[in-house]
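Enquirer: sequence and predicted structure, then a few things I'm wondering about:
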Amino acid sequence: MAQIALTDDRFCFVCGEDNPDGLRLNFEYPEPGRCRAVYIPDRRFQGWKDILHGGIISTLLDEAFAHAYGGRDRGAGEAAVTAEMTVRFIKPVKIGHPVVLEGRVLSNSRRVIMCESTLADDSGQIQASASGKLIKPKKILAGNEM
């Protein structure tokens with residue numbers, strides 16, 4: 001059985017520097033197991049008028065899991081994929097207003113990483129949060145199974 005290769009080709013929708021249609025977030029890593037990025041939602045990602053689409057909010061929260069786990073060397077070493085995620089939408093995220101995205105690793109076992117992430121306005125008010133589980137891929141079994 002072949003190993004799964006998770007490779008960062010700089011085309012990720014959220015952080016990929018080479019993706020012209022992506023969000024191009026630039027993450028900071030204040031300490032191992034944590035990440036932070038500032039994002040100003042663009043109108044092209046709007047849902048209801050002047051409000052960021054919930055799918056983009058979920059995408060941001062999910063990306064923070066991967067960056068919190070992988071850190072500055074994401075893609076260069078061990079990587080993981082999201083297996084489970086619960087999102088809580090607390091307040092509308094306004095288009096054109098800066099938000100702070102943060103991710104944290106809560107626990108890291110041999111194969112499972114538990115994470116949480118938040119999206120807050122510039123005053124620190126939480127607008128959305130997520131908790132989830134990342135899995136370190138082991139091997140390709142039959143088809144797409146891990």
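Expert: Yep, it's here.

Enquirer: hey, let's count contacts and neighbours off CA atoms from now on
Expert: OK.

Enquirer: show me the shaky parts of this protein.
Expert: Low-confidence segments of the chain, defined by pLDDT under 70: 1-4, 72-78, 139-146.

Enquirer: name the SS class of Leu134, please.
Expert: Look at Leu134: counting by DSSP: H, G, I helix; E, B strand; the rest coil, its state is strand.

Enquirer: do I have it right that it meets Ala68?
Expert: No - with contact defined as CA atoms under 8 Å, Leu134 does not count as touching Ala68 (10.9 Å).

Enquirer: quick check: neighbours shared by those two?
Expert: Cys115 (CA atoms under 8 Å, 6 or more residues apart in numbering).

Enquirer: which residues in this protein form helices?
Expert: Using DSSP state H, the helices found in the chain span residues 54-70.

Enquirer: bridging residues for Leu101?
Expert: Ala37, Leu119 (DSSP bridges).

Enquirer: wait, doesn't it sit right on Ala120?
Expert: Yes - between Leu101 and Ala120 there is a contact under CA under 8 Å: 6.6 Å.
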